[in-house]
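*Asks:* Test case, fold it:
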Amino acid sequence: MIFKFSKMQCCGNDFMFVDGITQKAFFSPELIRKLADRHFGIGFDQLILVEPPFDPEVDFHFRIFNSDGTEVQIGANAAACFINFVIEHKLTAKNDLQVSSASRLLQVKLNDNGSVCVNAGAPSFAPEDIPYASLHTSQSYPFTFADGQELSHSVVSMGNPHAVFFVDDLNSIPLEKYGKEVESSEKFPEKVNVTFAKIENEHEISLKIFERGCGVTLANGTCACAACVSGITSGKLVSPVKVKMPGGEASVEWNGGKESVHLTVSSISRVFDGTFVV
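*Replies:* Below is the predicted model of the structure:
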């Protein structure tokens, strides 16, 4: 069978989008890993399958698969690309959508200037929501790396798990090595997205990211949200926050408590369209 797809990116965080509404598609983990290969396949951080909604009050449902073939709960940058995809493919004429994922409902709005605002929902710091192996909730927890380096980190759920380390020098962090250690730590039974963050000033932060199931990536929307939420909660940051990632910039706003986190991004584009045969 021949399937159509679009390759899209947001701040260098790249996705393979497949319309599962007008065509039937099934992806095994093996096929996803093959397609994700940047040398022999299409190449992407995640595959996004667009599906009809399960709830009549919702516009679309989407499934998210990491490049290693695992399915995950949510993706804010994916949601930002999502609204562009469904509009460009004439699946909707609306510029303000309710979209469900495996873990939560997202509100996604395409602004007049071409930027996209994603209402990513409220964060949680409860260890059981991450999940994280701790009997108490704290703003920071210790982590000792194999080389003896000791750093503290916060844990946040944005509908998916995050560990955020605030550091003084991002260039001193061996991102892939440390990212793998934290991702696979027994403290995170479902693994975790790992973010190293440097505070530039109270309204600006720089990040380096190791994404669960993908590895080092140029950007990640929920990682940006988690880092800002952690910084605001600990008094290091004040909303709104400009987030600088290797692939581009985003803006995050959060008023604290159980309020929703809003991510705004503008570096979104369709890279190319294509077909593949299975």
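*Asks:* And the strands in the stretch 1-150 of the chain?
*Replies:* 2-10, 13-19, 46-51, 60-66, 71-72, 96-100, 105-110, 116-119, 141-144, 150-157 (DSSP state E, counting those that start in this stretch).
*Asks:* out of those, deepest packed?
*Replies:* strand 13-19 (a mean of 25; mean count of other Cβ atoms under 10 Å). No exception for glycine: its C-beta is placed from N, CA and C like everyone else's.
*Asks:* mean confidence score for it?
*Replies:* Averaged across strand 13-19, the pLDDT comes to 96.
*Asks:* Tell me where this protein has helices.
*Replies:* All helices of the chain, identified by DSSP state H, fall at 29-36, 76-88, 175-183, 221-233.
*Asks:* Mean neighbour count, those: which tops it?
*Replies:* The highest mean neighbour count among those, using mean count of other Cβ under 10 Å, belongs to helix 221-233: a mean of 28.
*Asks:* Distance from the chain centre to that one, please.
*Replies:* On the basis of Cα atoms, centre = their mean, to the nearest Å, helix 221-233 sits 11 Å off its chain's mean C-alpha point.
*Asks:* Next, the angle from that helix to helix 76-88.
*Replies:* Put simply, helix 221-233 runs at 130 degrees to helix 76-88, going by axes from the mean of the first three to the mean of the last three Cα atoms, to 10 degrees.
*Asks:* related to what we said a few turns ago, to residue 273, which of the helices of the chain lies closest?
*Replies:* Nearest to residue 273, of all these, is helix 76-88, at 9.4 Å by Cβ to Cβ.
*Asks:* In TSV, list the helices of the chain along with mean pLDDT.
*Replies:* Formatted as TSV, these follow (pLDDT from 0 to 100):
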stretch	mean pLDDT
helix 29-36	96
helix 76-88	95
helix 175-183	98
helix 221-233	97
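*Asks:* Now the ones you listed in a markdown table, please, with extra columns for distance to residue 214.
*Replies:* Shown next, in a markdown table, are those (distance: least, Cβ to Cβ, whole Å):
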| stretch | distance to residue 214 |
| --- | --- |
| helix 29-36 | 9 |
| helix 76-88 | 12 |
| helix 175-183 | 10 |
| helix 221-233 | 11 |
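*Asks:* Among the ones you listed, which comes closest to residue 246?
*Replies:* Nearest of these to residue 246, taken as Cβ to Cβ: helix 175-183 at 9.9 Å.
*Asks:* between the strands of the stretch 1-150 of the chain, which gets nearest to residue 199?
*Replies:* Closest of the strands of the stretch 1-150 of the chain to residue 199 is strand 150-157, at 13.3 Å (criterion: Cβ to Cβ).
*Asks:* Return the list of helices and strands in contact with the closest one.
*Replies:* Packing partners of strand 150-157 (3 or more Cβ pairs under 8 Å, 6 or more residues apart in numbering; DSSP states H and E): strand 141-144, strand 161-166, helix 221-233.
*Asks:* how about the strands of the stretch 1-150 of the chain in TSV, adding distance to residue 217?
*Replies:* Formatted as TSV, these follow (distance: least, Cβ to Cβ, whole Å):
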stretch	distance to residue 217
strand 2-10	11
strand 13-19	6
strand 46-51	9
strand 60-66	10
strand 71-72	13
strand 96-100	21
strand 105-110	20
strand 116-119	17
strand 141-144	20
strand 150-157	18
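*Asks:* who's in contact with stretch 229-239?
*Replies:* Here stretch 229-239 makes contact (Cβ atoms under 8 Å, 6 or more residues apart in numbering) with 123, 125, 139-140, 154, 156, 158, 164, 166, 197, 199, 202-203, 205, 228, 241, 252-256, 261.
*Asks:* Do me a favour and get the end-to-end distance for it?
*Replies:* Length of stretch 229-239, first residue to last, Cα to Cα, to the nearest Å: 9 Å.
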